[in-house]
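K.L.:
Sharing a model prediction with you, sequence too.
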Amino acid sequence: EIMRFHMPIVLMTLTVQRGLNKWDATVLATYIRKLQLIEPSDDTDCIGELIDECLDTIVDNVCGGIKLRADALRDWLNGINDSLRDFEATALEVFHIISSVEIGLRLGHDLISTVDWRVPEQKVMMKSIL
């Protein structure tokens, strides 16, 4: 979510602060489009590739050569990149929990919809007991 929603805003803010140029329309715009088109997936490989691309080709230009901004953005991107495996592990744990809950809900629904839960009349109950 950070890369898909927040990073385009950060990149555009940094770009506006340094002034717009042709590179923004040719390189940055296509990169931001890639960020906005990130789809949910089973792993974080595509995110890692986008982070690598940003570190290699985007950071220096978007920060306008201001070392303090570039270092802060690099640190943030490296932090996200270092956390990707932990995100995958947490997502897998959540998936297992949700899957077990989903199975329970399906079984409960099947039980409720297949069993006739009407209470028989008093006569029928007395006859079955005695």
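P.N.:
Thanks, I have the structure now. Keep in mind that this is a model prediction, so the values were computed, not measured. Numbering: from 1, shown residues only.
K.L.:
which one in this structure is furthest away from the centre?
P.N.:
Residue farthest from the centre of the chain, counting by Cα atoms, centre = their mean, is Leu130 at 61.5 Å.
K.L.:
Model confidence at it, what's the number?
P.N.:
Looking at Leu130, its pLDDT is 77.
K.L.:
ditto for Ile38
P.N.:
pLDDT at Ile38 comes out at 91.
K.L.:
How many residues are close by it?
P.N.:
15 (other Cβ atoms under 10 Å). Using the backbone N, CA and C atoms, a C-beta is placed for each residue, glycine as well.
K.L.:
Leaving out sequence neighbours, find the closest residue to it.
P.N.:
Excluding its sequence neighbours, the residue lying closest to Ile38 (Cβ to Cβ, 6 or more residues apart in numbering) is Arg4, at 4.4 Å.
K.L.:
how close does Gly19 sit to Asn61?
P.N.:
12 Å (Cβ to Cβ, to the nearest Å).
K.L.:
If you could redo that for Gln36, that was the one I meant.
P.N.:
Distance of Gln36 to Asn61, computed by Cβ to Cβ: 19 Å.
K.L.:
neighbour-wise, which of the two wins?
P.N.:
Set side by side, Gln36 and Asn61 show more neighbours around Asn61, with 17 against 12, by other Cβ under 10 Å.
K.L.:
ok, and what's touching the helix or strand in which the more buried one is found?
P.N.:
Asn61 belongs to helix 59-62 when assigned by DSSP states H and E. The set of residues external to helix 59-62 that reach it, using Cβ atoms under 8 Å, 6 or more residues apart in numbering, is Leu11, Leu14, Thr15, Arg18, Trp23, Val27, Leu28, Ala70, Leu73, Arg74, Leu77.
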